[in-house]
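Engineer: Provided below are the primary sequence and the corresponding predicted coordinates.
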Amino acid sequence: MLILDALQYDDDVLYLDASIRFVVNPMYSIPPFQFMYSPNTDYMLEQYCKEDCYQLLGFTDEKYHKTSSIWAAIIAVHKCDKTISMLNEWLSWHKDERVSCDDPGTLPNAPGFVFHTMEQATLTMLYVKYDIPKWHYMVDMWDYTEPVSDAARKVFMDRNEVLRP
């Protein structure tokens, strides 16, 4: 929110995880957006969101389970009242450790559940709740840069191997 606070209304910001770099200009690949925009994956959210999280946040409708998960390593944000409200709501969800930790939870998870992606899972729920379009990312427009150390790289790769194209 610090970055959003520093922006003027109607400014846009593109967030990238530290390990991501574009190999082509992303401005040619990101379609115009009104509030927020992130690429989607080919993975169903129920594979990467624990059932406890759905229940705690009250998102039990099938549309939340059967949506494609977004990839939160790239987020484009347009500063406006709606975006500020949505991001504050999203951040408030993570005050509950049961939502923000990556343990598998106490309730039975969906068949095929892999692991809980924490903020990525809840950001996907936000996109569904507010009917925010997702952009289908193009594999040839980004690449991973080298993380800080070999140990960090191993943790990153082990954790995200199933999400890599």
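Structural biologist: Right, received. Where do you want to start?
Engineer: Buried residues of the lengthiest helix in the chain, list them for me.
Structural biologist: In the chain, taking DSSP state H as the definition, the longest helix is helix 81-93. Going by neighbour count (16 or more other Cβ atoms under 10 Å), the buried part of helix 81-93 is 83, 84, 86, 87, 90, 93. Yep, even glycine has a C-beta here, placed from its N, CA and C like the rest.
Engineer: How far off centre is it?
Structural biologist: Distance of helix 81-93 from its chain centroid, counting by Cα atoms, centre = their mean, to the nearest Å, is 14 Å.
Engineer: cool, and stretch 51-68?
Structural biologist: In terms of Cα atoms, centre = their mean, the centre of stretch 51-68 is set 15 Å apart from its chain centre.
Engineer: Please identify the buried residues of that stretch?
Structural biologist: Neighbour-count burial for stretch 51-68, counted by 16+ other Cβ under 10 Å, picks out 51, 52, 53, 54, 57, 59, 64, 65, 67, 68.
Engineer: returning to that earlier point: now the element after the longest helix of the chain, going C-ward?
Structural biologist: Using DSSP states H and E, the helix or strand that follows helix 81-93 in sequence is helix 97-100.
Engineer: ok, residues contacting that next one?
Structural biologist: When contacts are defined by Cβ atoms under 8 Å, 6 or more residues apart in numbering, helix 97-100 is touched by residues 52, 53, 56, 57, 93, 94, 105, 118, 119, 122.
Engineer: mind listing which of those residues are in strands?
Structural biologist: Among those, no member falls in strands (DSSP state E).
Engineer: any chance of those in JSON lines, with distance to residue 16 too?
Structural biologist: Shown next, in JSON lines, are the contacts of helix 97-100 (distance: Cβ to Cβ, whole Å):
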{"residue": "52", "distance to residue 16": "29"}
{"residue": "53", "distance to residue 16": "25"}
{"residue": "56", "distance to residue 16": "29"}
{"residue": "57", "distance to residue 16": "26"}
{"residue": "93", "distance to residue 16": "23"}
{"residue": "94", "distance to residue 16": "20"}
{"residue": "105", "distance to residue 16": "29"}
{"residue": "118", "distance to residue 16": "18"}
{"residue": "119", "distance to residue 16": "15"}
{"residue": "122", "distance to residue 16": "19"}
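Engineer: Out of the residues you listed, which sit inside helices?
Structural biologist: Per DSSP H, the subset of the contacts of helix 97-100 in helices is 52, 53, 56, 57, 93, 119, 122.
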